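Undergrad: After the sequence you'll find the predicted model.
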Amino acid sequence: MADVLNRTTKQFIASANTVEYPVEAWIINPDLSAVVGQPSKYWKINGGDVVSLMTQQERDAVDAAALVSARDALAAEMDNLESYARAFALVVLDEINTHATNISADRLAAVNGGSYGAFRTAATAVSATPTRTIAQLKTALRNKLGT
């Protein structure tokens with residue numbers, strides 16, 4: 001039994017039956033002293049099966065790529081018809097649009113450049129947007145799923 005490290009995925013297996021792990025894909029009994037305490041995503045395997053730690057610049061690049069990938073995955077979720085995040089975003093968008101309609105441009109123009117009478121007229125035209133309950137939110141989310 002020996003320890004093995006996958007050359008591509010950097011999966012480490014302790015006390016493995018080496019017969020099951022061909023040397024083309026696995027390093028047998030790798031020396032990991034240079035990477036102790038570091039995540040395997042920061043390891044690199046050089047010629048001669050030497051496992052070393054990436055430079056700080058390389059580690060920063062790995063982290064930046066992972067961040068971009070995570071952001072892309074979240075943004076792509078908006079295309080998933082059965083996504084909670086997508087449904088929630090659509091409900092929030094509806095609420096924002098409701099508020100925008102309630103405080104329309106003509107009412108704001110009256111407030112900004114009009115007389116006191118125009119201000120009073122515009123102010124009375126603004127209606128209170130009702131508060132929402134959790135039940136209403138759940139219903140709205142259900143209605144947005146699959147749309």
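TA: Yep, that arrived.

Undergrad: Now Ala16: phi and psi?
TA: phi -100, psi 150 (degrees, to the nearest 10).

Undergrad: which non-adjacent residue is nearest it?
TA: Among residues not flanking Ala16 along the chain, Val4 sits closest, at 4.6 Å (Cβ to Cβ, 6 or more residues apart in numbering). From N, CA and C alone the C-beta is placed, and that goes for glycine too.

Undergrad: Run a quick check on the one you found versus Val19, I expect a contact.
TA: No - contact criterion Cβ atoms under 8 Å: Val4 and Val19 do not qualify, at 10.9 Å.

Undergrad: Quick one: low-confidence residue ranges for this structure.
TA: 102-128 (pLDDT under 70).

Undergrad: Now do the strands for it: every range, in order, please.
TA: Under the criterion DSSP state E, strands of the chain are mapped to 2-6, 12-16, 26-28, 43-46, 50-53.

Undergrad: which parts of the second one are buried?
TA: What that stands for is strand 12-16. Across strand 12-16, burial judged by 16 or more other Cβ atoms under 10 Å covers 12, 16.

Undergrad: Repeat that for the third one.
TA: Burial within strand 26-28, assessed by neighbour count using 16+ other Cβ under 10 Å, is assigned to 26-27.

Undergrad: Not counting it itself, show me its contacts.
TA: Contacts to strand 26-28, defined as Cβ atoms under 8 Å, 6 or more residues apart in numbering, come from residues 2-7, 18, 21, 45, 49, 51.
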